[in-house]
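Peer 1: sequence and predicted structure, then a few things I'm wondering about:
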Amino acid sequence: MSKQNGFHVVTPLLESTGMSKRIGTTVYLKMESSQPTGSFKIRGIGYMCQNVRKNTKSKGVVCSSGGNAGMATAYAARKLNLPATIVLPSSTPQLVAQKLKDQGATVKVVGKVWDDANAEALRLAESEDLTVIHPFNHPLVWKGHSSIVHELNASLPSKPGAIVVSVGGGGLFCGIMEGLDEMGWGDVPILCMETVGADCLNVAWKARDLVTLPDITSEATCLGAKTACRQAFEYSKRPNVISEVVTDLQALEAVELFLDEERVLVELACGASLAAVYSGVIQRLQEEGRLPKLLNSLVMIVCGGSSVNLAQLQHLQAVIRK
Amino acid sequence: MSKQNGFHVVTPLLESTGMSKRIGTTVYLKMESSQPTGSFKIRGIGYMCQNHSWIKIRFFPTVFVCIGGNAGMATAYAARKLNLPATIVLPSSTPQLVAQKLKDQGATVKVVGKVWDDANAEALRLAESEDLTVIHPFNHPLVWKGHSSIVHELNASLPSKPGAIVVSVGGGGLFCGIMEGLDEMGWGDVPILCMETVGADCLNVAWKARDLVTLPDITSEATCLGAKTACRQAFEYSKRPNVISEVVTDLQALEAVELFLDEERVLVELACGASLAAVYSGVIQRLQEEGRLPKLLNSLVMIVCGGSSVNLAQLQHLQAVIRK
């Protein structure tokens, strides 16, 4: 919690015995679920808010969010004594709006998916002279997220064999790529995981063109950007980047297994990356020769997410397994 | 994970909005549940294993023996990192999943007796007959010293001295480590609330009797708190004016575990629930009304001791047993 490091903490890097047994190499969990506000978002958004405070005469910040980016913005703004307005799409669970108000933010609910809320945030920024904190598409956000790789470098005995990350709009992915380039680790295989129906990067990667999804049909609403950011699309063209998708059911099963084995409850969006091990994606990629059979180690970025509790988990179980 | 710091990590200190709202001051969660092996034990036990290996490994093949679930996990993990064999002795009250986790860490597992004290007797016997080095789960100065690192981390993270610290007490090892750390920091006057469950309340019983008392049996489901006698050092510390000893029921501890999972998204053991219940079941508020804690508390630090002897099936089992 030291100010010079921003508002995030250096998160634990823990060996997962359960995952390591499944894929036959050491799997490290980077526990971003242990961040203040419950996800990695505080890294990049904390960094950007600090920049706003230092370098502008801003009247406040505004953020459009599926919840976690909004939480990070509200938290950082509270710590900086900056007014914060968070705009949410109606798909966001109710508990999130309450948590944001608990952080002192003003909350507005607009539209169905993230893109609708974002349009309103831009309008408010213009009319009320607020600084927009973009949840994923800004170089300051990527720079803030890149701190995760510096921490990996300090903790790991050697360069990882692969890194697994969930992709929504691609902000975390961009931050990781930036950090890897800085470390001279630009050749480390990166497995970008999404869910069917919230797979904007995978669709763009296959089409070799930045594509906008017509709608978000996955329950993993935190991955619910219809278009990946351009920087993420550009990074995805690199030879070391692999893009895969899992179903909502596989992501849900991963959330349940992770809670059972590692005792931490994460969002469905996080389940997408956990499913890379639990649903055999890693093993399949190794069989296909797209990942080395002898992997040095695997780093699983446990992105976390605070838009989940037991009631929300039961709701997802009912909806996904109906 | 840097070797010079031992095998533990600097754990996150997170504000709990839910707890802060309940008691009207900032509550910080010290997330020992995020340690390798899932509990604070790796601090003291990692420290003790490192010290023993340095001394002994040069002259004898060293094998560690330890008792219990979480202490056993920490010992097995540290031993594996040091490339040393470990034997862990468990009482039969330990959930089955623990034995498997210990084997996954490469340890030999023996199940003996009903409660911790039975397993302890067997460990001492093995140490004698097979020349093993005993790693005591709570009653050793090296373990307390290792645990004291938690207070140094608090000092580095908190904006100011905390108003109070809440901790679960089993045999009292964590409590001793915290007291040692507080003395080193010059924070010896910080109120410490020691939480136990009814039926695993060896420190509370001793504190009330003003004498180190041995419980006849452990009747709480919080088996990780299940030492029949607190260590003497914990009993001595408990005499200080800033130490408060309280107990909650298994039901209150269980409700705290459920609420914590729901609000903070982390599943901890029932033993940890004992300290969480200090906020969720109104113990803090009552102590403030009784004048035993200040009404204006600077901040509260909740030591989330964690514990890996729990999963969803174990939680459901506890819910069935405790709510029958």
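Peer 2: Great, that's in hand. No experiment lies behind these values; they were computed from the predicted model shown.

Peer 1: and the stretch 151-300 of chain A, which of its residues are near chain B?
Peer 2: Selection of the stretch 151-300 of chain A residues close to chain B by C-beta under 8 Å from any C-beta of the partner chain yields A:154-155, A:256, A:259-261, A:263-266. C-beta coordinates here come from the backbone N, C-alpha and C atoms, glycine included.

Peer 1: among these, which two are most distant?
Peer 2: The largest separation in these, counting by C-beta to C-beta, is between A:Ala154 and A:Glu256 at 32.1 Å.

Peer 1: of these two, who's got more company?
Peer 2: Each of A:Ala154 and A:Glu256 has its neighbours counted (other C-beta atoms under 10 Å in any protein chain shown); A:Glu256 has more, 18 against 11.

Peer 1: A:Cys222: what's it in contact with?
Peer 2: Contact partners of A:Cys222, counting by C-beta atoms under 8 Å, 6 or more residues apart in numbering or on different chains, are A:66-68, A:168, A:267-269, A:305, A:307.

Peer 1: apply 6 Å and report the result again.
Peer 2: Taking C-beta atoms under 6 Å, 6 or more residues apart in numbering or on different chains, we find A:Cys222 in contact with A:66, A:168, A:267, A:269, A:305.

Peer 1: out of the residues you listed, which sit inside helices?
Peer 2: Among the contacts of A:Cys222, the members found in helices (DSSP state H) are A:Ala269.

Peer 1: tell me the least confident of the contacts of A:Cys222?
Peer 2: Within the set of the contacts of A:Cys222, pLDDT is lowest for A:Gly66 (59).

Peer 1: tell me where chain A has helices.
Peer 2: Using DSSP H, helices in chain A cover A:17-23, A:41-55, A:68-80, A:94-102, A:114-128, A:139-145, A:147-155, A:171-183, A:200-207, A:230-235, A:248-262, A:268-278, A:281-287, A:310-320.

Peer 1: list buried residues within the residues of the stretch 151-300 of chain A next to chain B.
Peer 2: A:155, A:256, A:259-261, A:263-266 (16 or more other C-beta atoms under 10 Å in any protein chain shown).

Peer 1: now those residues in TSV, with distance to A:Ala232?
Peer 2: Formatted as TSV, these follow (distance: C-beta to C-beta, whole Å):
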residue	distance to A:Ala232
A:Ser155	25
A:Glu256	29
A:Leu259	29
A:Asp260	32
A:Glu261	30
A:Arg263	32
A:Val264	26
A:Leu265	27
A:Val266	21
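
Peer 1: so who does A:Thr106 touch?
Peer 2: Applying C-beta under 6 Å, 6+ apart to A:Thr106 gives the contacts A:Thr85.

Peer 1: how far away is it from B:Thr249?
Peer 2: A:Thr106 is 42 Å from B:Thr249, where distance means C-beta to C-beta, to the nearest Å.

Peer 1: repeat for A:Glu234
Peer 2: Distance from A:Glu234 to B:Thr249, by C-beta to C-beta: 59 Å.

Peer 1: nearest spatial neighbour of A:Gln103, skipping sequence neighbours?
Peer 2: Leaving aside its chain neighbours, A:Gln103 sits nearest to A:Ala74 (3.7 Å; criterion: C-beta to C-beta, 6 or more residues apart in numbering or on different chains).

Peer 1: make sure that neighbour is actually in contact with A:Gln98.
Peer 2: No - applying C-beta atoms under 6 Å as the test, A:Ala74 and A:Gln98 come out as separate, 11.7 Å apart.

Peer 1: those two: which has the busier surroundings?
Peer 2: With neighbours defined as other C-beta under 10 Å, A:Ala74 and A:Gln98 compare such that A:Ala74 has more, 29 against 11.

Peer 1: who are the contact partners of the more buried one?
Peer 2: So A:Ala74 contacts A:84, A:100, A:103, A:105 (C-beta under 6 Å, 6+ apart).

Peer 1: and it, how far from chain B?
Peer 2: Between A:Ala74 and chain B the distance is 11 Å, computed by C-beta to the nearest C-beta, to the nearest Å.

Peer 1: for A:Leu180, same thing?
Peer 2: Here A:Leu180 is placed at a distance of 20 Å from chain B (C-beta to the nearest C-beta).

Peer 1: dump the residue contacts of that residue.
Peer 2: If you count contacts by C-beta under 6 Å, 6+ apart, A:Leu180 has them with A:149, A:186, A:188.

Peer 1: show me the beta-bridge partners of the residue lying closest to A:Leu124 once chain neighbours are set aside.
Peer 2: In space, A:Leu124 comes closest to A:Val62 once its chain neighbours are excluded; the distance is 5.2 Å by C-beta to C-beta, 6+ apart. Going by DSSP bridges, A:Val62 is paired in beta bridges with A:Thr85, A:Val132.

Peer 1: A:Val62 contacts A:Ala121, doesn't it?
Peer 2: Yes - A:Val62 is in contact with A:Ala121 according to C-beta under 6 Å; the separation is 5.0 Å.

Peer 1: I'd guessed A:Asn68 sits against A:Arg43; true?
Peer 2: No - between A:Asn68 and A:Arg43 there is no contact under C-beta under 6 Å: 11.6 Å.

Peer 1: between the two, tell me which one has more neighbours.
Peer 2: Neighbour comparison, A:Asn68 and A:Arg43: the larger count goes to A:Arg43, with 30 against 27 (by other C-beta under 10 Å).

Peer 1: would you confirm that A:Lys41 contacts A:Ala72?
Peer 2: Yes - the criterion here is C-beta under 6 Å, and A:Lys41 meets it with A:Ala72 at 3.9 Å.

Peer 1: now A:Thr73, nearest residue through space, not along the chain?
Peer 2: A:Cys63 (4.0 Å).

Peer 1: so what's A:Gly60 up against?
Peer 2: Applying C-beta under 6 Å, 6+ apart to A:Gly60 gives the contacts A:82-83, A:130.

Peer 1: export the lowest-mean-pLDDT helix or strand in chain A to PDB, keeping only CA atoms.
Peer 2: Scoring the helices and strands of chain A by mean pLDDT, DSSP states H and E places helix A:94-102 at the bottom, with a mean of 84. What follows is helix A:94-102, C-alpha atoms only, in PDB (Å, rounded to 0.1, in the frame of the first residue of the first chain):
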ATOM      1  CA  GLN A  94     -26.800  -5.200  -8.300                       C
ATOM      2  CA  LEU A  95     -24.200  -5.800  -5.600                       C
ATOM      3  CA  VAL A  96     -21.700  -3.900  -7.700                       C
ATOM      4  CA  ALA A  97     -23.600  -0.600  -7.700                       C
ATOM      5  CA  GLN A  98     -23.800  -0.800  -3.900                       C
ATOM      6  CA  LYS A  99     -20.100  -1.500  -3.600                       C
ATOM      7  CA  LEU A 100     -19.300   1.500  -5.800                       C
ATOM      8  CA  LYS A 101     -21.500   3.800  -3.700                       C
ATOM      9  CA  ASP A 102     -19.700   2.400  -0.600                       C
END
